[in-house]
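1. With the sequence up front, the predicted model follows.
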Amino acid sequence: MFHASDITEAAPSAAKLLATCEPLPRPTSSDYETVRRAVEFISTDFRSQPSLAAIAEAVNLSPAELEALFRRWAGLTPKAFLQAVTIDKARELLASGASLLDAAFDVGLSGPSRLHDLFVRHEAMSPGFYKAKGEGIDLAYGFTDSPFGRALVIATDRGLAGVGFSEGGAAGDAAALDDMRRRWPRARFREDQTAIEPFAQRAFDPAEWMRDRPLRVVLIGTDFEIRVWETLLSIPVGSATTYSRVAETIGAPKAARAVGAAVGRNPVSFVVPCHRVVGKSGALTGYHWGLSRKRAMLGWEAGVLARG
DNA sequence: CAGCATCCGTACA
DNA sequence: TGTACGGATGCTG
């Protein structure tokens, strides 16, 4: 179904988003950690609708301090974030996202609602490469702070190849790296902070999402997986779609479950927005890096839009 | 909300 | 090429 009104409503908010995102003061590492814990707490306990005081207590700050810090980080209050993270909100996102996805494909490759495509340019690695399990390629990796916790960033010389998350500490880092190594067991991994820094800086900062300087992403996967991941790139920021809807879009209407599996194998978490796919009921059914992260990402994106 | 029918893609032989 | 497997589904009661 195509609704012209969906596009005309979406386009201004996109322009607004791009025009009004001013660079944020770069938060310190410990600020990230505090906000991450607050996000975690809210995401986990949103059903009980905790008060500001309760959230502040959980992260050992006064309510005023938390509010200021949170607002600086996400541009909205903890209370507003809490609201954004509820299932109702996810349903709302779903309602708009589904029709936007339809619209994008009805219009053709550069439909006006393909917001995410404006700043991500992707290319698929050859099937041969995938078959060789990464044989003969160098992957640079490094860790960085992100709004969703400590992130593992992986890059080839052609672009961003992976984003994952660490639970923190040496063990968390090792687990995240292992997770990535299993995807491309024959690739050569080397720690290289300099190589991943440009991607680390840009992936999580909306002020850096610019059409004229698209983020280069390389997708390494099977044919089917790549079709699924490309579809994810057409879901606008701050909206959502369903597994079955993605299945229909790629022409395999009965493959909802296989789509779920493929979405789960997306190596470039967040940048390829697998968090914007939810169950048909609007429930957030699963996430490779933890459901609370998925909630946080959807809430964070709602906040990014609200700030404009 | 718990159970289950169904069914696709993948891995491995 | 065949087959076993299991899942980030989606209905049904």
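-> Ah, there it is. Residues are numbered from 1 along each chain as shown, chains lettered A, B, ... in the order given.
2. And the residue nearest in space to the middle of chain A, how close does it get to A:A161?
-> A centroid search over chain A (C-alpha atoms, centre = their mean) returns A:F270, at 2.2 Å, as the residue closest to the centre. Counting by C-beta to C-beta, to the nearest Å, the separation of A:F270 from A:A161 is 14 Å. To be clear about C-beta, it is placed using only N, CA and C from the backbone, and glycine gets the same treatment.
3. likewise A:V59?
-> For A:V59 relative to A:A161 (C-beta to C-beta), the value is 34 Å.
4. out of those two, which sits in the more crowded spot?
-> Counted by other C-beta atoms under 10 Å, A:V59 and A:A161 do not tie: A:A161 has more neighbours, with 28 against 20.
5. any idea how far the more buried one lies from A:A53?
-> According to C-beta to C-beta, A:A161 stands 43 Å off from A:A53.
6. that older thread, ok, the residue nearest to the centre of chain A - contacts?
-> Each residue near A:F270 by C-beta atoms under 8 Å, 6 or more residues apart in numbering is listed here: A:S146, A:F148, A:V163, A:A203, A:F204, A:M297.
7. Could you list which of these belong to strands?
-> The strands, defined by DSSP state E, take in A:S146, A:V163 from those.
8. which residue lies farthest from the center of chain A?
-> A:S62 (29.9 Å).
9. Helix, strand or coil: sort out the residue in the stretch 201-308 of chain A that DNA strand C sits nearest to for me.
-> For the stretch 201-308 of chain A and DNA strand C, the shortest gap (C-beta to the nearest atom of the strand) falls at A:G286, measuring 2.1 Å. Recorded secondary structure, A:G286: coil (DSSP: H, G, I helix; E, B strand; the rest coil).
10. Excluding covalently adjacent residues, which one is nearest to it?
-> Excluding the flanking residues, the one nearest A:G286 by C-beta to C-beta, 6 or more residues apart in numbering is A:G264, at 7.0 Å.
11. before we move on, what about A:E40?
-> Take A:E40 and drop its neighbours on the chain: the residue closest to it by C-beta to C-beta, 6+ apart is A:S292, 5.8 Å away.
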